[in-house]
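**Student:** One predicted model, sequence on top.
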Number of protein chains: 2
Amino acid sequence: MGIRMNGVMQSELDDLFEFLRFPSISTASEHGKDVRACGEWLLGKLSSMGLDAELHETAGHPVVVARNAHHDDRKTVLIYGHYDVQPVDPLELWDTPPFEPVLKDGRIWARGATDNKGQMLAHVLGVEQTLKEEGELPVNLIFLFEGEEEIGSPNLVPFIEAHKEVLACDIIAVSDTGMVARGVPTMGYGLRGITCCEVTVKGPAGDLHSGVYGGAVANPATAVARLVASLHDADGKIAIEGFYDDVKPLEGWEREMWAQVPGVSDADLLAQTGAPEVFGEPGYSSAERLWARPTAEVNGIGGGYQGEGSKTVLPAEAMAKFSFRLVPNQDPIDISRKVQAHLEKHAPAGVRVSVEAGHDGKPYYTDPHSAYGKAAQVALEKAFGKQPVLIREGGSIPIIKDMQDILGADTLLLGLALPDCQIHAPNENFWVENFEAGIAMNRILLGELASVE
Amino acid sequence: MGIRMNGVMQSELDDLFEFLRFPSISTASEHGKDVRACGEWLLGKLSSMGLDAELHETAGHPVVVARNAHHDDRKTVLIYGHYDVQPVDPLELWDTPPFEPVLKDGRIWARGATDNKGQMLAHVLGVEQTLKEEGELPVNLIFLFEGEEEIGSPNLVPFIEAHKEVLACDIIAVSDTGMVARGVPTMGYGLRGITCCEVTVKGPAGDLHSGVYGGAVANPATAVARLVASLHDADGKIAIEGFYDDVKPLEGWEREMWAQVPGVSDADLLAQTGAPEVFGEPGYSSAERLWARPTAEVNGIGGGYQGEGSKTVLPAEAMAKFSFRLVPNQDPIDISRKVQAHLEKHAPAGVRVSVEAGHDGKPYYTDPHSAYGKAAQVALEKAFGKQPVLIREGGSIPIIKDMQDILGADTLLLGLALPDCQIHAPNENFWVENFEAGIAMNRILLGELASVE
């Protein structure tokens, strides 16, 4: 059976390392082949376990689906994950190359280690163990793995709609969210949605000498900054008209519970992020700001000379990339329109402003006290030896809401990421203990879900 | 004597092309050797003309000084120029490589063609012609050429102070400014000053996932944008307290003259820049905004993900490079303090703001109707066949004011740059007709200055 390391078998680590070596960056067109190769590797792994696995072409990166033999008298469980990853820049901040995974200090270091390859592979390997040891699973299983989550799953919704009979299920499990702290199992019952856009501000036809022309033509870098500044008031509240109209107010029990959840105090947040102080919408705790309030963030801003020393140009253009995290019951389309109207209204004089809409996804909310929710909490408790906490998540997995809408099934958010896992950032890592717990949790979960009345 | 092309000798073009091939970018440390090599080439050229030329070491790039044999009964004329150039990025916007000069459509295309290698070499070659034809110059001549103008001449002021006896002169001539339009000789009697700084805004220790942490910690890109936006009111007036306190008001004759000067109408400005509309401080014409009013410009802004597609990070830091163009009688040190105070006062919550001061230089103003001024106007009229216009300049040559302060000599600004010369930008170019006129103008100028009473 191989040598156990930290309770994980060497063969399981080998599988994860192989999986992590694919630079499956879905947003970068030059990595298209790598995303496909990663999907094909996954297909091979699932087939080798005896599952009926298929790679489905889409207009973008492939979807991989695998299933056991289904029987009418069993619950059907769909497990979703994604094998694509975020870009790796700034590359120079990585201690080790992002696609050469290493095991060090109890963690696996690589892009995608936590988000989402490590977490999804834990489910795959849990199923592999059960099949090897029991010869059979207690449920009808559907694995649904996509390669476009990091770009907003543009082709998965059409895929699910086209295959909704074969993907029909009673409940969905996803490990692509976080634990509030090490050793504290965490079940999520809500996610923020998202809508993105990129603003380009154009002024002169080319960069100008800031002495020769400065003062008589508008500066696009100044203009884009003024647009960014218009998004918030000085206190950090979003200043877009109607932005908060549909926000579901926090319930009393949530505020009380979250005040007790470990790992999300202001001190924890400062320790996790290294930020000099917490900052956000007045009237809310940090946990509430993260899990139940919307945001307007600049993911990137750029224009003019950014190199060493000075270059006194008046730049020809500047840009900003925005993402807005949304909460129930905000609608991404509605918010996107309000953002567009705001940017048009605040467009500075003397420049041309254009807005390109990006990906979006709806926020998600479900009742954590349902029968399936309780079964998942039992699985988490058994795998981690501790009662789970109930939270919402600040991140977005738009497909969760889409699956709720199309398949009519709720999703159990059984996250294994820790706050120091550096997802989307340099030095992403995954705790081996959570990889192990994830494999165990999958095995218990399928049994618990099988016995839900 | 060689073949004449457009009235310029092939040997003169060869000299300029050789001079332009040095990538003497003073701001980029990796080009230090190229700046030196360029200075050494210049030294060789000046020596070969029979001048007593020396290359002087400084703490930065070398200064090259050359002189003829001086006689007490002659006026002493100092001609200043610089052999360093601006950076070349964005390189992909150049039609031909910036350090491989080409002659095309009546212009020489290369970085430095106009600013300042072409203009300064016209003086050198004018002197060479006079020496060849007359055997002697009508004045005591001092050439003073530096390699650090584009980084604010940090070592030239100490150099001039240390050599003020040997650099003592009656009048200074500089061709490093512009003509208002093709064929319209232009004498400048004022320059804007400058003060620069770079603002760095730091938030979290590393880039964060904008979903996991967005809303509870401040975003440095948002913060830097808010700082940039704080510099102006919505109309384009600078909002820094006390910024305009010392601005010398425009005189009636200037406003009247400038309203008649060709090439500086709003339509001209739009044609030159490609900007969608003019924009600037209310109550002033474009010429007045450029030549007599100060600015606050962003030369570069950056933070977060600027690549293809989206990356939903909350960036760890963001920066902006500022330059402020100053007019008489603003003082760069005073303005730098006011800017610093403004940035501290407007520093957004939740981030750390640091300001690094950059180079600076005082604005310059002199009487265009002095005897030397009139002599220069005669030289311009004879070289171009047309009466010159009198303007101030939007750009900064801080050393002009420093030389006025240290050497007690005024400077004649006899610019040969045209608005479409693309200085500091891709596809910089120099009209061959202005190279030719510059050579002729130098010859006439020295004679006219020699006979000033």
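**Tutor:** That came through, no problem.
**Student:** How far does stretch A:192-209 sit from its chain's centre?
**Tutor:** 25 Å (CA atoms, centre = their mean, to the nearest Å).
**Student:** Please report the distance of the spatially closest residue to A:Ile406 that is not a sequence neighbour from B:Leu46.
**Tutor:** Among residues not flanking A:Ile406 along the chain, A:Ile160 sits closest, at 5.2 Å (CB to CB, 6 or more residues apart in numbering or on different chains). Where you see a C-beta, it was placed from the backbone N, CA and C, and this is true even at glycine. Separation of A:Ile160 from B:Leu46 (CB to CB, to the nearest Å): 77 Å.
**Student:** Looking at stretch A:223-235 now, give me its mean pLDDT.
**Tutor:** For stretch A:223-235, mean pLDDT is 97.
**Student:** so where do the strands sit in the stretch 151-300 of chain A?
**Tutor:** A:171-174, A:186-191, A:193-202, A:208-209, A:297-304 (DSSP state E, counting those that start in this stretch).
**Student:** Select from the ones you listed the stretch with the lowest mean pLDDT.
**Tutor:** It's strand A:208-209: among the strands of the stretch 151-300 of chain A, that one has the lowest mean pLDDT, namely a mean of 92.
**Student:** Now do that one: everything it contacts.
**Tutor:** A:214, A:217, A:312-314, A:316, B:273, B:394-395, B:423-425 (CB atoms under 8 Å, 6 or more residues apart in numbering or on different chains).
**Student:** Same check on stretch A:47-59?
**Tutor:** Counting by CB under 8 Å, 6+ apart, A:39-40, A:43, A:46, A:62-69, A:124, A:127-128, A:131, A:141, A:143, A:148, A:154-156, A:158-159 sit against stretch A:47-59.
**Student:** Restricted to strands, list these.
**Tutor:** The strands, defined by DSSP state E, take in A:63-67, A:141, A:143 from the contacts of stretch A:47-59.
**Student:** picking that back up, out of the contacts of stretch A:47-59, which are buried?
**Tutor:** Buried by 16 or more other CB atoms under 10 Å in any protein chain shown: A:39, A:43, A:46, A:62-68, A:124, A:127-128, A:131, A:141, A:143, A:148, A:155-156, A:159, out of the contacts of stretch A:47-59.
**Student:** Those residues also near chain B: which ones?
**Tutor:** Among the buried ones among the contacts of stretch A:47-59, not one lies near chain B by CB under 8 Å from any CB of the partner chain.
**Student:** what about the stretch 51-200 of chain A, any weak spots by pLDDT?
**Tutor:** Within the stretch 51-200 of chain A, no stretch has pLDDT under 70.
**Student:** Okay, helices next: where are they in it?
**Tutor:** Taking DSSP state H, counting those that start in this stretch, the helices of the stretch 51-200 of chain A run over residues A:119-134, A:156-162.
**Student:** And the last one, what does it pack against?
**Tutor:** Spelled out, that is helix A:156-162. Judged by 3 or more CB pairs under 8 Å, 6 or more residues apart in numbering or on different chains; DSSP states H and E, the packing partners of helix A:156-162 are strand A:140-146, helix A:398-407.
**Student:** who's in contact with that helix?
**Tutor:** A:56, A:58, A:63, A:144, A:146, A:148, A:167, A:399, A:402-403, A:406-407.
**Student:** and with 10 Å instead?
**Tutor:** Contacts with helix A:156-162, where a contact means CB atoms under 10 Å, 6 or more residues apart in numbering or on different chains, come from A:56-63, A:65, A:78, A:80, A:82, A:144, A:146-149, A:153, A:166-167, A:361, A:398-399, A:402-403, A:405-407.
**Student:** Mind giving me the PyMOL select for the residues you listed, buried ones only?
**Tutor:** For the buried members of the contacts of helix A:156-162, the matching PyMOL selection, counting by 16+ other CB under 10 Å, is:
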select buried, chain A and resi 58+60+61+62+63+65+78+80+82+144+146+147+148+149+153+167+361+398+399+402+403+406+407
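**Student:** could you measure A:Ser370 against A:Phe384, distance?
**Tutor:** Taken as CB to CB, the span from A:Ser370 to A:Phe384 is 21 Å.
**Student:** higher neighbour count, these two?
**Tutor:** A:Phe384 (20 against 15; other CB atoms under 10 Å in any protein chain shown).
**Student:** What separation is there between A:His346 and B:Thr130?
**Tutor:** In terms of CB to CB, A:His346 sits 60 Å off from B:Thr130.
**Student:** Is chain B within reach of stretch A:425-443?
**Tutor:** Yes - contact of stretch A:425-443 with chain B (CB under 10 Å from any CB of the partner chain) involves A:425-427.
**Student:** what's the neighbour count on A:Thr76?
**Tutor:** 20.
**Student:** now swap in the one 10 residues further on and tell me
**Tutor:** Using other CB under 10 Å, A:Gln86 has 25 neighbouring residues.
**Student:** these two touch, right, it and B:Gly211?
**Tutor:** No - counting by CB atoms under 10 Å, A:Gln86 stays clear of B:Gly211, with 11.7 Å between them.
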